[in-house]
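Participant: Model the structure of this input:
(2 chains)
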Amino acid sequence: MYHYTEFDRRMVNERVAQFRDQVARWQSGALSEEELRPLRLQNGLYVQRHAPMLRVAIPYGLLASRQLRALAHIARTWDRGYGHFSTRQNIQFNWMKIEQVPDVLAALAAVQMHAIQTSGNCVRNITCDPFAGVARDEIVDPRPYCELMRQWSTFHPEFSFLPRKFKIAFSASATEDRAATAMHDVGFYLRRNAAGEVVADVLAGGGMGRTPVVGSIVRAGLPWHHLPTYTEALLRVYNRYGRRDNIYKARIKMLVRALGVSNFASEVDEEFAFLENGPGTATDAELARIAAGFAPPRYRSLEADCAALARQLAAHPGFARWHGRSVRPHRVAGYAAVTLSLKRAGVAPGDVDGATMVALAQLADRFSFGELRVTHEQNIVLADVAQHELFDLWSAARVLGLATPNIGLLTDIVCCPGGDFCALANAKSIPIAQAIQERFDDIDYLHDLGEISLNISGCINSCGHHHVGNIGILGVDKQGAEFYQVTLGGALGPDPARTAIGTVLGRAFAAAEVPEVIATILDRYVALRAPGELFVDTLARVGIAPFKSAVYPAQDHLVELQNA
Amino acid sequence: MPDHAHLIGLVDGVPRLVQDDWRVIGSAAEWDGSPGALLPLELAVAQTERLRASERTGIWLSPTDDPACTIEFFDAIALIGVQFPKFTDGRGYSTAMLLRARYGWRGELRALGDVLQDQLFALRRVGFDSFALRADRDPVAALGAFSPFSDVYQGSVDQPLPFFRRTPTCI
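Facilitator: Residues are numbered from 1 along each chain as shown, chains lettered A, B, ... in the order given. Model prediction:
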């Protein structure tokens, strides 16, 4: 996997020293709380409900086993023994002491990790496909381009105090978007043009929050060499003209909307004209240098032994069920990519304790060249598992509780930390996830329902990505009480046109009502679906009305009365 | 206004405490015509002839001022100031970048307002060469805060070449 150069290492170490000095000045009173705030945020440090939360970047979602062991060590030494994988390829520690954070950053730096720009109004950690380099539908490996942009954006002097946070994602598949690209401030869809060269269709103005927007393509077919300079042009337009008077209108999506997509694109083009082919243009040599760091592992030449696998699948129904959900085809014969579920009853989605981190690292060493990937659905991928070792991996993962066969199913719930931890939240989200997981624990039923994404956010900041969940649940505050609004029909598609934001079903529910509401929605789906039809497809065909009338029969009755 | 700010200038590229007599003018009433007046853009535009007739003037820009409007004054002014109403308002960085890299301002460029030591590194990178550190801050500590990083990835005004164009690529 990609290793930081001496240059990168020095920079991360210097960052630790810089932050140590900032914390010391804050402790001595030389730096006020308000002045420290943006500085600590750009080092991933939030002040939360109970204690400061530290968000650590996992660039392109890639972790070496030794890095995961270091995260386990941090969890045990400076936190309460566990960490939380977020929906943005980060890991969060919820119980930090601010005075100790410089030491934690130093421990991270020792394994080439950091918390640089994981928060604050700057360019954040870049989201990438967790199956990069192994997916069969991949057009080009997006990771070297992510790294190119990571370097470009790190401590960018012009863009460290943007109007608001700025998130970038890369997708390089024509069939599936595994990075929620359309919902980012800027998304790059990599593809090859007619001449076979790598180009990007550039999306801008996507985002969640209280005004969810699917981004729009502002530039088609941008040659990859121009990724840094075009992004510089785009960010300059945003930095100068994005709103700063209202935090809720400060994201780039609002600027794109205010100017109109084509006017915004023209502004960027005008700026880009001055930068195009300038010194910031990326070079073939640099991309080649970076790409060498993402060279494939030393695969053995294996024959796909379908007969042996078929025997195992036939003999072990549990293995077969897991295989059906967790194993994806690999571009190299005899290998497979495996998703290990972090979604089992009794554990908050995305939470991993230190012992499990170490166990995951061991699985990675034994089965997948010592490398793991983190998904925005809060699961862990072992991307390079020999097909003949899948059964052994399943056996080992099962013992650890990491083989729940629910990937892509209802209980593979994406969930933010919510009101249990987060100071921003209106409502708790983890207990809702757990109640749903308990209510729907019949694995046969889940498999019969098929693929359904369920996302829970504890507030409108939408860290649980509820807007794009097939079923979305949003925590809202009603006169001091926690309520939950349900949306239906959100979806992440391979391009903006096939990405959808869910529609609000109706009035919000009390926490205790939520599992039954979900059950009612699912019953209606089962009654309405055509054979083999997925939940989202049924919903697209019949619309939201039948679900509404199932969930709110009394209101339906009232409407009928009014109409009469 | 940073009348009593600690002024830091780059002397042969090295940050030093310096002193001068530039005064930030807020409105026409404050402009007595004596040398060292740093005028708001609006006033400079409204009284162009008076500016041209005055000795040693400059122009300061607010975050919403278009830096392109200063181009016509380049031959007549000695200083451009860029106002940071709050250190978290990052528009001034783009203003500086445009003045230096696009419009070719070679004279002194001064950061004014909420100028604090943790921003000096980035301010210098985008082309500022003088810094009116907020009056309540420790100027000596600030002098040591210009180089928290020994090198940089991306190009900017101080170093137009990104790192990858400055090093052999066969690592």
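Participant: per-residue confidence at residue 64?
Facilitator: No chain specified, so I'll use chain A. On pLDDT, A:Ala64 comes in at 97.
Participant: I was thinking of chain B, sorry if that wasn't clear
Facilitator: The predicted local confidence for B:Thr64 is 97.
Participant: quick one: it from A:Glu286, how far?
Facilitator: Distance check for B:Thr64 against A:Glu286: by C-beta to C-beta, to the nearest Å, it reads 37 Å. In short, each C-beta sits where N, CA and C put it, glycine included.
Participant: So A:Cys463 is in contact with A:Asn455, correct?
Facilitator: No. A:Cys463 is beyond contact range of A:Asn455, at 9.7 Å (criterion: C-beta atoms under 8 Å).
Participant: When those two are compared, which one has more neighbours?
Facilitator: Each of A:Cys463 and A:Asn455 has its neighbours counted (other C-beta atoms under 10 Å in any protein chain shown); A:Asn455 has more, 29 against 24.
Participant: part of a strand, is that one?
Facilitator: Yes. Under DSSP: H, G, I helix; E, B strand; the rest coil, A:Asn455 falls within a strand.
Participant: Tell me the spacing between it and chain B.
Facilitator: Relative to chain B, A:Asn455 is positioned 31 Å away (C-beta to the nearest C-beta, to the nearest Å).
Participant: Then A:Ile247?
Facilitator: Counting by C-beta to the nearest C-beta, the gap from A:Ile247 to chain B is 12 Å.
Participant: Packing partners of the top strand by length along chain B?
Facilitator: When chain B is parsed with DSSP state E, its longest strand is strand B:77-84. Helices and strands touching strand B:77-84, by 3 or more C-beta pairs under 8 Å, 6 or more residues apart in numbering or on different chains; DSSP states H and E, are strand B:57-61, helix B:91-97, strand B:108-113.
Participant: what comes into contact with the second one?
Facilitator: The set of residues external to helix B:91-97 that reach it, using C-beta atoms under 8 Å, 6 or more residues apart in numbering or on different chains, is A:157-161, A:236, A:239-240, A:244, B:61, B:63-65, B:67, B:82-84, B:109, B:111, B:122-123, B:126-128, B:156-157.
Participant: How about the residues of chain B by chain A?
Facilitator: Within chain B, the residues that sit near chain A (C-beta under 8 Å from any C-beta of the partner chain) are B:87-91, B:93-95, B:97, B:102, B:116, B:118, B:121-123, B:125-126, B:138, B:141, B:148-156, B:160-165, B:169-171.
Participant: interface residues of the stretch 1-150 of chain A facing chain B?
Facilitator: Taking C-beta under 8 Å from any C-beta as the contact definition, the stretch 1-150 of chain A meets chain B at A:5, A:7, A:10-11, A:14-15, A:17-18, A:22, A:25, A:30-31, A:35, A:38-39, A:121.
Participant: Among those residues, name the ones in helices.
Facilitator: Among these, the residues falling in helices (DSSP state H) are A:7, A:10-11, A:14-15, A:17-18, A:22, A:25, A:35, A:38-39.
Participant: Point to the residue nearest the middle of chain B.
Facilitator: Nearest to the geometric centre of chain B sits B:Arg110, at 2.3 Å (C-alpha atoms, centre = their mean).
Participant: Kindly provide the distance from it to chain A.
Facilitator: 17 Å.
Participant: ok, back up a step: which ChimeraX command selects the buried ones in the residues of the stretch 1-150 of chain A next to chain B?
Facilitator: To isolate the buried members of these in ChimeraX, using 16 or more other C-beta atoms under 10 Å in any protein chain shown:
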select /A:5,7,11,14,15,18,22,25,31,35,38,39,121
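Participant: sorry, back to before: tell me the buried residues within the contacts of helix B:91-97.
Facilitator: Buried members of the contacts of helix B:91-97, counted by 16+ other C-beta under 10 Å: A:157-161, A:236, A:239-240, A:244, B:61, B:63, B:65, B:67, B:82-84, B:109, B:111, B:122-123, B:126-128, B:156-157.
Participant: which residue ranges form the helices in the stretch 351-500 of chain A?
Facilitator: Assigned helices in the stretch 351-500 of chain A, in chain order: A:354-367, A:390-399, A:430-439, A:443-449 (criterion: DSSP state H, counting those that start in this stretch).
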